[in-house]
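Q: Have a look at this prediction, sequence included:
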Amino acid sequence: MTATMGRSVTTPLLITLVAEGALSAGDAAVASDALHGLGAAPGRPAWIDPGDALDLGVTGADQPTTRAVLEAALPHLDIIVQPADAPRRKALIIADMDSTMIQCECIDELADYAGLKAEVAAVTEAAMRGDLDFAAALDARVALLAGMDAAVIDQCRRERVRLTPGATTLVRTMAASGAHSILISGGFTAFAQPVAAEIGFAAVHANVLRIADGRLTGHVERPIVDAAAKRAALLGAGFDLAATLAVGDGANDIPMLEAAGLGIAFHAKPRAAAAAAAAVRHGDLTVLLRAQGYARRDWA
């Protein structure tokens, strides 16, 4: 929203409401009423898939206010608000891994094999909230793993790493429509490369754990994949930013989420959820397909 001659000028918005198997026409009516309460002018709802997801156009309201009002009015739904004139189907998806594309924090699970999960997980949580410097927190946690048999990494991946529901469908559906995909993680290549291959990512960036004589040294190779690196990877990918989609959950994802044409926080920490253009609070990663207008018949 920009200010011109003291008046607020808004662009048309596209609202997508999502609740797989549980969305009703009544939800659309509640959304319309809430928008009328803002003095905005909602259009007629258009189903993407009946009972699952629908679109609602609106004029006369800005994006942050619209999101806040609708999330308060419909707390049981996932709600994506985006400019109606932006490319709907994105040409690039760039995604965080831990607690986004997979359902765990790999370093916490790795630490569990050394009996240090509680200690490491507390640092991870603080770093993802944005309360600690990411690089310093990473170094401190990795240092605790010095001497661990490197074979434990593969064991941990097999036993603990599970894909987030919808991850493969999201990436492969977008790829089938010609989109490029990047998995970028503040975690480790030993986890990220196999995860990227399983999901179908075209490229992967992550940190490298140093190993000597078959054991972790307690150090991470430089440069570290941190918040700045994630943003740089998005900006350097060569796509019109309006046609890019970023997804993540932690404070180190915020610069990437803010830079993308559509930044979506996924079951995220409060700072990331607030910084992103939209937040998935309930559903799985296929909500990001709904945001792009994909009907279920188009899913890979």
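A: Received, thanks. Numbering: from 1, shown residues only.
Q: How about residues contacting stretch 204-215?
A: 97, 138, 142, 146-151, 153, 182-193, 196, 216-221, 224-225, 229, 233 (Cβ atoms under 8 Å, 6 or more residues apart in numbering). In this view, the C-beta of every residue, glycine as well, is placed from N, C-alpha and C.
Q: Using neighbour counts, give me the buried entries of those.
A: Buried members of the contacts of stretch 204-215, scored by 16 or more other Cβ atoms under 10 Å, are 97, 138, 142, 148, 153, 182-192, 196, 216-220, 225, 229, 233.
Q: Tell me where the protein has helices.
A: Remark: helices assigned in the chain by DSSP state H are 25-37, 63-73, 106-112, 117-129, 134-143, 151-160, 167-176, 189-199, 227-235, 254-259, 270-275, 287-291.
Q: Can you tell me which helices and strands the last one packs against?
A: Yep, that's helix 287-291 we're talking about. strand 13-18, strand 78-83, helix 167-176, strand 244-248, strand 262-266, strand 278-280 (3 or more Cβ pairs under 8 Å, 6 or more residues apart in numbering; DSSP states H and E).
Q: any idea how far Ala272 is from the residue nearest to Arg231 when sequence neighbours are not counted?
A: Spatial nearest neighbour of Arg231, chain neighbours left out: Pro255 (3.8 Å); criterion: Cβ to Cβ, 6 or more residues apart in numbering. Note on Pro255: its distance to Ala272, by Cβ to Cβ, to the nearest Å, is 11 Å.
Q: For those two, indicate the residue with more neighbours.
A: Per other Cβ atoms under 10 Å, whichever of Pro255 and Ala272 has more neighbours is Ala272, with 27 against 21.
Q: mind listing what that one touches?
A: 248-251, 253-254, 257, 265.
Q: List the beta-bridge partners for the spatially closest residue to it that is not a sequence neighbour.
A: Among residues not flanking Ala272 along the chain, Ala265 sits closest, at 4.6 Å (Cβ to Cβ, 6+ apart). Beta-bridge pairing of Ala265 under DSSP bridges involves Gly248, Ala279.
Q: Quick check: which of the helices and strands packed on helix 287-291 has the most neighbours on average?
A: When you average the neighbours per residue for each of these (mean count of other Cβ atoms under 10 Å), strand 244-248 leads with a mean of 29.
Q: Please work out the angle formed by the directions of that strand and helix 167-176.
A: For strand 244-248 against helix 167-176, the angle by axes from the mean of the first three to the mean of the last three Cα atoms, to 10 degrees is 170 degrees.
Q: chain center to strand 244-248, what's the gap?
A: Centroid displacement of strand 244-248 relative to its chain, using Cα atoms, centre = their mean, to the nearest Å, is 6 Å.
Q: Let me see the mean pLDDT of it.
A: Mean pLDDT, strand 244-248: 98.
Q: Now tell me what touches it from outside.
A: Counting by Cβ under 8 Å, 6+ apart, 90-96, 100, 230, 234, 237, 253, 256-257, 259-266, 268, 272, 285, 288, 291-292 sit against strand 244-248.
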